[in-house]
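Trainee: Starting from these lines, generate the structure:
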Amino acid sequence: MAVTIRDVAREAGVSISTVSRALAVPEQVAEATRVLVQATAARMGYRPNRNARSLITGRNGSIGLVVPDLENPFFGSVCKGVQARARAAGYTVFVADTDEDPTAEAEIVRSLIKQVDGVILCSPRTTDAEVRQLSSETPTVLANRFLEGIDSIIFDNGGGLDVVMQHLVALGHRRIAYAGGPLKSWSNGQRAGAFVAFGESHPDLDLIELGNFPPYFSGGVQVADLAVASGATAVVAFNDIMALGIIDRLRQRGLSAPDDMSVTGFDNVAVSTYVRPNLTTVDMPRVQMGRMSVDALLDSVLGRGQASGPRLQQLAAELMVRQSSGVPHASAKAPTDATELLDADV
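Mentor: Numbers count the residues shown, from 1 in each chain. This is a model prediction of the structure:
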């Protein structure tokens, strides 16, 4: 026979209502009582009725996570952190993939609202105005994007770009290219802005913006030919997947990293250590971002820590130096005529 809430109350020596509050709204119960009830329920194998809990608390016990592309391992890691933290807090997670489509984000969030207590928008591609509107309709946390007035968890994108640029300059590179990601990506805007600022503070360098590309392996393949034509001795890719595409295309052309061109990425996804050469990249603690996003959302849902209002939390980026970056080749080629066309487009 299934264990009931009455059985737990009898075993713990408390009232049924106390058991209900300790499991459904634990912040309303004294710590000693809460610990006793939760331990008793766990020992007896009691499973609360989610529908009943929803009636008591007005909450669903679920949260939503909306990401642009689940095939991108960056978002898989964020999802892992979200799932782990939510499970520990007794919440389930609904995950939705927008397929990099900004117009789908609002539709997906609104379809989730009745099923969840709040939503984590990870790297949303939609406009600031749309994000603000969504946040007015349901508790919202932004992961990998900042917007004033909304809880946001971000990486130090500018610091990450600076540290990889300093690394390349220290190796002797003077003509460096940046291959951007989606035009509507907030993190790409931060990195591209830091790239421009780095050039302004280092007038002796020749920095090239190659443009914006799909954040996929195929996007990196597109980048490689332009990077070679530009005469750059190093290229910084928006993410690791693009960087791997660049390296593969160089190989197809009989070139290699880092001998003919140094290649670096962002994110430090697992595959960056599996390939040869290992990829020099900027590590972004994605699992930690997922955990912190859940904490921030539950603070909002449960009314914890609201006195100070919405918070901005920033995670540090760390350079991981591996095999794909090295000193410029002595016979590095000068820019071809294609560079002039490239510069004209930029």
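
Trainee: Now do the same contact list for residue 81.
Mentor: With contact set as C-beta atoms under 8 Å, 6 or more residues apart in numbering, residue 81 has these partners: 286, 287, 288, 289, 290, 291, 292, 293, 294. For glycine as for every other residue, the C-beta is placed from the backbone atoms N, C-alpha and C.

Trainee: What number of residues are in the vicinity of the first one?
Mentor: The reference is to residue 286. Using other C-beta atoms under 10 Å as the criterion, residue 286 is surrounded by 24 other residues.

Trainee: Please determine how far it is located from residue 144.
Mentor: Using C-beta to C-beta, to the nearest Å, one obtains 9 Å as the distance from residue 286 to residue 144.

Trainee: coming back round to it: which PyMOL command selects the buried ones in the contacts of residue 81?
Mentor: Only the buried members of the contacts of residue 81 end up in this PyMOL selection, burial being decided by 16 or more other C-beta atoms under 10 Å:
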select buried, resi 286+287+289+290+291+292+293+294
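
Trainee: Save the contacts of residue 81 as TSV, and put in secondary structure too.
Mentor: Shown next, in TSV, are the contacts of residue 81 (DSSP: H, G, I helix; E, B strand; the rest coil):
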residue	secondary structure
286	helix
287	helix
288	helix
289	helix
290	helix
291	helix
292	helix
293	helix
294	helix
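
Trainee: in the protein, which spans are strands?
Mentor: In chain order, the chain shows strands spanning 62-67, 92-97, 119-122, 140-143, 151-155, 175-180, 206-212, 234-237, 262-267, 280-283, 312-315, 318-320, with DSSP state E as the criterion.

Trainee: Mind putting those into JSON lines with distance to residue 22?
Mentor: Listed next are the strands of the chain as JSON lines, based on distance: least, C-beta to C-beta, whole Å:
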{"stretch": "strand 62-67", "distance to residue 22": "20"}
{"stretch": "strand 92-97", "distance to residue 22": "20"}
{"stretch": "strand 119-122", "distance to residue 22": "27"}
{"stretch": "strand 140-143", "distance to residue 22": "26"}
{"stretch": "strand 151-155", "distance to residue 22": "27"}
{"stretch": "strand 175-180", "distance to residue 22": "51"}
{"stretch": "strand 206-212", "distance to residue 22": "52"}
{"stretch": "strand 234-237", "distance to residue 22": "50"}
{"stretch": "strand 262-267", "distance to residue 22": "41"}
{"stretch": "strand 280-283", "distance to residue 22": "40"}
{"stretch": "strand 312-315", "distance to residue 22": "30"}
{"stretch": "strand 318-320", "distance to residue 22": "41"}
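
Trainee: In TSV: those, plus mean pLDDT and distance to residue 218.
Mentor: Below are the strands of the chain laid out as TSV (pLDDT from 0 to 100; distance: least, C-beta to C-beta, whole Å):
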stretch	mean pLDDT	distance to residue 218
strand 62-67	96	20
strand 92-97	95	18
strand 119-122	97	22
strand 140-143	97	25
strand 151-155	96	25
strand 175-180	98	13
strand 206-212	98	14
strand 234-237	98	13
strand 262-267	98	15
strand 280-283	98	19
strand 312-315	95	29
strand 318-320	97	24
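
Trainee: Point out the most buried one among those strands.
Mentor: strand 234-237 (a mean of 31; mean count of other C-beta atoms under 10 Å).

Trainee: Check the spatially most central residue of the chain and give its pLDDT.
Mentor: Here the mean C-alpha position of the chain is nearest to the C-alpha of residue 144 (C-alpha atoms, centre = their mean), at a distance of 4.9 Å. Per-residue pLDDT puts residue 144 at 96.
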